[in-house]
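Colleague: Got a sequence here, can you model it:
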Amino acid sequence: VIIGKETESTEGTIMSKHIGIVACSAEGAALCYRTLCSEAPQKMGEHMHPEVSMHTHPLAEYMIHIRSGNWQGVADLMVSSARKLAKIGADFAVCPDNTIHQAFDMVSTQSPIPWLHIADAVADEAKVHGFANLGITGTKYLMTGPVYSETLHKHRISTRIPDKNDRERIDTIIFKELVNGVFTEESRQYFNLAIGKLKNRGCEAVVLGCTEIPLLVDPNDCPLPTLDSTRLLARVALRNSLDIE
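Modeller: Model prediction:
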């Protein structure tokens, strides 16, 4: 049984569960945390949000395993974070990093606390809007991997990924710029071009499947409707914390 802590708001006492964030890259994790804290007051009252704790191993340690295809090594780091979060009271975990969800099945069997899956959050939002064919952007490991293709297939949603040249350029932008907090107009325009190609191939919306991409792509001039995986995960975590369907 997960027992949440009581928090006081202007509307009375609200029960909430302690959210654990298993971070990987700083910019995406920070966006997830900020979203939780900025949107919670709408449901909990002024200045209120659930208790939130974060743990992260260095991105460099993750990349050693990702580049070598050692997903058990990735899982071990994620479980290590989850155990530390559980020890300080986190009731469940979320990970604002799409790529390392490839190790999710291994993590979920070893974790001391339950997890929410980022691709499920995206799939649920896609179904709300009736999207049946999604373009996937993210690291090259994410775009060619099973995280979205398998999860969305279960929801009867098909996927498309950019061509090889676009995948390589997008991956370079992510690792050389976005994870380092660098956001340029040139890179934003390149993403729009790549997303425009996905639109021409029949995609109805695009998944911003690297947690830093929402900090670069502007939904107001993007060729397709965007599914912001980072903020969607934060909102699902908030609802789960408050037991809101």
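Colleague: Please report the distance of residue 200 from residue 46.
Modeller: Distance from residue 200 to residue 46, counting by Cβ to Cβ, to the nearest Å: 46 Å. In this view, the C-beta of every residue, glycine as well, is placed from N, C-alpha and C.
Colleague: Report the mean confidence score over the one helix or strand residue 22 maps to.
Modeller: Following DSSP states H and E, one finds residue 22 within strand 19-23. If you average the pLDDT over strand 19-23, you get 98.
Colleague: What's the local residue count around residue 175?
Modeller: Here the number of neighbours of residue 175 (other Cβ atoms under 10 Å) works out to 17.
Colleague: got the contact list for the strand holding residue 22?
Modeller: Contacts with strand 19-23, where a contact means Cβ atoms under 8 Å, 6 or more residues apart in numbering, come from 29, 32-33, 36, 50-56, 78, 81-82, 85-86, 90-97, 113, 237-238, 241.
Colleague: same thing with stretch 136-148?
Modeller: 66, 98-99, 101-102, 104, 118-119, 122, 134, 149, 159-162, 167-168, 170-171, 174-175, 191, 194-195, 206-210, 213.
Colleague: Strands of this protein, start to end?
Modeller: For the chain, the strands defined by DSSP state E occupy 5-9, 12-16, 19-23, 52-56, 92-94, 133-137, 158-160, 205-208, 226-228.
Colleague: and among these, the most buried is which?
Modeller: strand 205-208 (a mean of 27; mean count of other Cβ atoms under 10 Å).
Colleague: What's the mean pLDDT across that one?
Modeller: pLDDT averaged over strand 205-208 gives 98.
Colleague: Give me the neighbour count for residue 154.
Modeller: 10.
Colleague: And it, how close does it get to residue 112?
Modeller: Per Cβ to Cβ, residue 154 is found 26 Å from residue 112.
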